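1. Below are the sequence and a predicted model for it; my questions follow.
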Amino acid sequence: MIEKIFHLRDKNTTIRTETVAGITTFMTMAYILAVNPQILSETGMDRGAVFTATVLASVIAIFLMAFYANLPIALAPGMGLNAFFAYTVVINMGYSWEMALTAVFIEGIIFILLSFFKVREAIVNSIPINLKHAISVGIGLFIALIGLSNAGIITGNPSTLVSLGNLSDPAVLMALSGIVLIGVLLVLKIRGALIIGIIIVTLAGIPLGITQIPEQGIVAAPPSLSPVFFQFDFHKIFEPEMLIVVFTFLFVDIFDTVGTLVGVCSKAGLLDSGGNVPRVRRALLADAVGTTCGAIFGTSTITSYIESAAGISAGGKTGLTALVVALLFIAALFLSPVFLMIPSSATTPALIIVGLFMISPVKNINLGDYSESIPVFLTIIMMPLAYSISEGIVFGIFSFVLLKLFTGHRKEISVVMYILCILFILRHLLL
């Protein structure tokens with residue numbers, strides 16, 4: 001039965017190998033079960049409900065990836081996308097979390113439609129490669145800034161904008177220790193370094209009174225979805241600024257997914273002779289359906305996880321690897337007290353290290369051409385400084401179009417880039 005579904009012999013793999021690969025992938029990405037509820041709860045969303053929504057949406061997306069696309073790739077709420085949801089759309093722009101969920105829902109529906117046509121390729125191909133790399137780098141810095149701020153390592157200052165926090169505070173010391181600990185585990189190539197670091201720091205916080213042990217024990221029924229389930233608000237969705245929010249969710253999700261699919265499939269030797277991802281439309285549909293279901297359940301955008309590369313390194317080649325990850329997510333659903341007891345001092349080190357992971361494309365950026373490097377720089381620097389992923393993208397695309405236009409390189413500007421630039425201008429004129 002398993003052979004018939006996943007074609008293990010054709011991929012020269014075994015059930016044991018795929019199982020080990022699935023466990024490895026889960027260990028490297030399980031931190032999202034602690035981090036995502038922590039981030040989204042800052043918008044006022046119920047943390048327990050978000051935990052359940054995170055698990056259920058991830059499981060649906062992973063099941064589709066396993067059985068429909070037969071690829072060893074796991075999915076969950078995307079880091080960067082959840083930060084954009086919480087810190088840009090809700091906290092910075094002032095929209096309710098219900099409005100943000102509505103934007104995610106619309107993005108998911110659009111993504112489903114794009115998965116059936118070639119519009120997705122047109123959008124992806126229209127963005128210059130250097131800007132694609134810059135977006136990942138900028139999001140990495142933005143996530144690191146959020147982690148440093150939430151940990152109290154840096155704090156606001158009226159005269160210098162930011163400054164060091166109180167480094168003698170036990171919670172701050174825990175966070176700093178977590179960064180060092182996870183760093184050591186990564187250097188030693190310990191699988192699951194992020195989740196192991198989170199667990200150790202959480203345990204260290206018990207005697208300090210920072211970690212609160214759940215009274216009901218570590219095994220419990222999943223928290224109710226009702227506080228966040230189907231909580232949509234459509235009445236402001238056609239405002240120009242909200243259209244930019246929907247576009248940004250869609251834009252970042254597309255590049256996250258495409259980049260991850262290409263990267264991990266290349267590592268697994270799954271690319272076809274033309275360098276294309278096999279069953280890519282099915283893989284994208286899994287992502288899109290997961291995002292749509294996630295919005296209904298009450299969580300931010302679902303995307304493919306680069307941590308899947310860990311499982312692929314362990315030998316995973318088929319959807320059976322993804323299925324094992326999904327089953328472990330289901331098991332985690334009944335361990336919600338364990339994940340919800342984890343304090344922010346334990347999750348913020350993971351945020352900061354994920355920021356490091358996301359800046360790796362900087363080595364692929366061509367800085368020799370100023371018509372390319374200036375938009376790249378503005379994209380990267382404006383995300384953390386404006387505290388907004390979308391503003392970084394706006395500055396990058398707008399400056400790219402203007403610099404190419406005024407320096408005689410009009411042929412390098414796609415029609416889609418012109419349209420995006422006009423939309424950005426209209427956005428600021430109308431708001």
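-> Everything's here; your move.
2. C-alpha only now, for contacts and for neighbours.
-> Noted.
3. quick one: the residue lying closest to Ile296 once chain neighbours are set aside and Gly298, what's the gap?
-> Counting by Cα to Cα, 6 or more residues apart in numbering, Ile296 lies nearest to Phe230, which is 4.7 Å off, once chain neighbours are set aside. Using Cα to Cα, to the nearest Å, one obtains 7 Å as the distance from Phe230 to Gly298.
4. What residues does the residue nearest to Ile296 make contact with?
-> Ala295, Ile296, Phe297, Gly298 (Cα atoms under 8 Å, 6 or more residues apart in numbering).
5. If you rank those by neighbours, which is first?
-> Neighbour counts for the contacts of Phe230 peak at Gly298, which has 34 neighbours (criterion: other Cα atoms under 10 Å).
6. Spatially, what comes nearest to that residue if we skip its sequence neighbours?
-> Val228 (4.9 Å).
7. pLDDT-wise, which helix or strand of the protein ranks last?
-> helix 119-126 (a mean of 61; mean pLDDT, DSSP states H and E).
8. From the chain's centroid, how far away is the helix or strand harbouring Ile143?
-> For Ile143, the host element (DSSP states H and E) is helix 129-151. Relative to the centre of its chain, helix 129-151 is centred 11 Å away, using Cα atoms, centre = their mean, to the nearest Å.
9. Could you list the buried residues of that helix?
-> 130-151 (16 or more other Cα atoms under 10 Å).
10. can you give me the helices for the stretch 251-400 of the chain?
-> Under the criterion DSSP state H, counting those that start in this stretch, helices of the stretch 251-400 of the chain are mapped to 280-297, 308-313, 319-333, 336-340, 344-358, 370-385, 389-406.
11. which helices and strands sit right next to the helix holding Ile143?
-> helix 170-187, helix 344-358, helix 370-385, helix 389-406 (3 or more Cα pairs under 8 Å, 6 or more residues apart in numbering; DSSP states H and E).
12. what mean pLDDT does that helix have?
-> If you average the pLDDT over helix 129-151, you get 82.
13. Run me through the strand neighbours of the helix or strand that comes right after it, direction for each.
-> As assigned by DSSP H and E, the chain's next helix or strand after helix 129-151 is strand 154-157. Here strand 154-157 is paired, per DSSP bridges, with strand 161-164 (antiparallel).
14. residues in contact with the partner strand?
-> Ile153, Ile154, Thr155, Gly156, Asn157.
15. For the residue most central in space within the chain, give me its contacts.
-> The residue lying closest to the centre of the chain (Cα atoms, centre = their mean) is Gly78, at 2.0 Å. When contacts are counted by Cα under 8 Å, 6+ apart, Gly78 touches Ser300, Thr301, Ile302, Thr303, Ser304, Tyr305.
16. quick one on the thing from earlier: looking at it, the residue nearest to Gly298 is touching Phe51, isn't it?
-> No. Val228 sits out of contact with Phe51 when judged by Cα atoms under 8 Å, with a separation of 10.6 Å.
17. what's near enough to touch Gly44?
-> Applying Cα under 8 Å, 6+ apart, the residues near Gly44 are Trp97.
18. Pull up the gap between it and Tyr87, please.
-> Applying Cα to Cα to Gly44 and Tyr87 gives a distance of 12 Å.
19. hmm, back to that, in PDB, list the C-alpha atoms belonging to the helix holding Ile143.
-> This file holds the C-alpha atoms of helix 129-151, laid out as PDB (Å, rounded to 0.1, in the frame of the first residue of the first chain):
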ATOM      1  CA  ILE A 129      16.700  38.200  -9.000                       C
ATOM      2  CA  ASN A 130      18.600  40.600  -6.800                       C
ATOM      3  CA  LEU A 131      15.400  42.000  -5.300                       C
ATOM      4  CA  LYS A 132      14.200  38.400  -4.600                       C
ATOM      5  CA  HIS A 133      17.400  37.800  -2.600                       C
ATOM      6  CA  ALA A 134      17.100  41.200  -0.900                       C
ATOM      7  CA  ILE A 135      13.500  40.500   0.300                       C
ATOM      8  CA  SER A 136      14.700  37.300   2.200                       C
ATOM      9  CA  VAL A 137      17.600  39.300   3.700                       C
ATOM     10  CA  GLY A 138      15.400  42.100   4.800                       C
ATOM     11  CA  ILE A 139      12.900  39.800   6.400                       C
ATOM     12  CA  GLY A 140      15.800  38.100   8.200                       C
ATOM     13  CA  LEU A 141      16.900  41.400   9.700                       C
ATOM     14  CA  PHE A 142      13.300  42.300  10.600                       C
ATOM     15  CA  ILE A 143      12.700  39.000  12.400                       C
ATOM     16  CA  ALA A 144      16.000  39.400  14.300                       C
ATOM     17  CA  LEU A 145      15.000  42.900  15.300                       C
ATOM     18  CA  ILE A 146      11.600  41.600  16.600                       C
ATOM     19  CA  GLY A 147      13.400  38.800  18.500                       C
ATOM     20  CA  LEU A 148      16.000  41.200  20.100                       C
ATOM     21  CA  SER A 149      13.200  43.600  21.100                       C
ATOM     22  CA  ASN A 150      10.800  41.000  22.500                       C
ATOM     23  CA  ALA A 151      13.700  39.500  24.500                       C
END
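20. quick one, it and helix 170-187 angle?
-> 140 degrees (axes from the mean of the first three to the mean of the last three Cα atoms, to 10 degrees).
21. Ile15: how many residues sit nearby?
-> 16.
22. Poorly predicted segments of the stretch 51-200 of the chain, please.
-> 118-126 (pLDDT under 70).
23. Okay, now the unreliable bits of the stretch 251-400 of the chain?
-> Using pLDDT under 70, the stretch 251-400 of the chain drops low at 252, 255-260, 262-277, 313, 390.
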